[in-house]
Structures are given as structure tokens and as C-alpha cells.
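Enquirer: Here is a sequence with its predicted model. Questions after.
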Amino acid sequence: DRWYTRFGPLSAIFLIPFQLIKGRYIPIVYISVLFASLTTCIFYLLLLRIKKDFLPRMSLFSIVFFVILFAFGTAQFYVGTSSSVWHIDQIISSFFGTLGIYIIFKKKLRDRDYFLSTFFISFTLLGRMTVAGLLVLPFFLFFYHEKLHSIKKFFVLLILPLMLFIILLSSFNYARFQ
């Protein structure tokens, strides 16, 4: 009758393969900085998409300014350079959350955009459940564009990826804590 949410398997999914490949301990700060850098790159690409699809008058200077603010003016820099399990879970989760936003945030959405966005944001359930709140975005856009004409489409594109990661996290909790 308990729900164990702390320290899901997300960071291990990325740390263990690197350690197996190198055959020795890899400091987690390297993985953390890698994902912090990748998140900043995805944020940059997201701003470019916003400029292209929604705000064509946005200048390149504004985009670079916002990227610098994101990278160094938020917790992104601190969390990305700290080396603890809590921080690496946060930084990997923020990468997949930002990736999910990037995929869904465009003018012309296709079915695969809904699915991939929901998949990547749901993946964060294995690390930081709070990032899964971003699922509101693909769900809202689906209802806005599709008007729920097809329950099957809604289930396959949005509910199925979410359920997959809920089942994986529940299985992990069961295996770890009974």
C-alpha cells in the first residue's frame, strides 16, 4: 500500500551501458553535462521552430539570448554540473521532457508527433514524475485538433505510451520493494 517514487531506474538506464562499455566507473558528472548540453540544444531547436512557425519576426539575437538565459540563468547549469543521483534524474528527465515539447510544438501535427511526444514525456516517469505533467500539452493539442473523433486513435497515440511507462515503473517498484 505504498508508492515509492524516489530514484527510479532512469539514470541507471544511461549510466550502466557507459560503465559496461568502458569497463570501469564513469563519473556521473559526464553524463549529467552531456544531457544538460543536449537539453540546451533541443531548447535552441525549439526556439528556431517557434520562430519559423509562430513568430517569424523573432531575431536570431533573441533566440541566442533566450538560450543563454536558459543554459545559465535557470537551474539547468547547476543541476547539469552537479553529480548526484537526484540531479542526474532531473537532468535526464528534463532532456526527455524538452524533447517531447519540441516534437509536439509545431503547426502541422501528425499522428507520430502525438505518439513520440507522449512516449518521451512518459519516459520521464522512470526518473522524475513531475516532468510527466508536460503530458497536458500533447493531450490538449490532440483534443484541440482531433476533437476525439477516434477513441482508438486517442488510445494508441496517447494512452498506450503512457500506460507502458506506468507499467514499467510499477514493475520496477514491485521488484525493488515488493
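Expert: Happy to help now that I have it.

Enquirer: Sketch out the low-pLDDT regions of this structure for me.
Expert: The chain contains residues with pLDDT under 70 at 1-7.

Enquirer: That one: helices as residue ranges?
Expert: 10-22, 28-53, 60-73, 75-81, 85-104, 111-123, 136-146, 151-154, 160-177 (DSSP state H).

Enquirer: how far out from the middle of the chain is the third one?
Expert: Pointing back at helix 60-73 there. 20 Å (CA atoms, centre = their mean, to the nearest Å).

Enquirer: List the buried residues of that helix.
Expert: 63, 66-67, 70-71 (16 or more other CB atoms under 10 Å). Every C-beta, even on glycine, is put in place using the N, C-alpha and C of the backbone.

Enquirer: Next: the shortest one.
Expert: Within helix 151-154, the residues scored as buried using 16+ other CB under 10 Å are Phe154.

Enquirer: Next: the second one.
Expert: Burial within helix 28-53, assessed by neighbour count using 16+ other CB under 10 Å, is assigned to 28, 31-36, 38-40, 42-44, 46-47, 50-51.

Enquirer: For Val131, give me its contacts.
Expert: 93-94, 96-97, 121, 124 (CB atoms under 8 Å, 6 or more residues apart in numbering).
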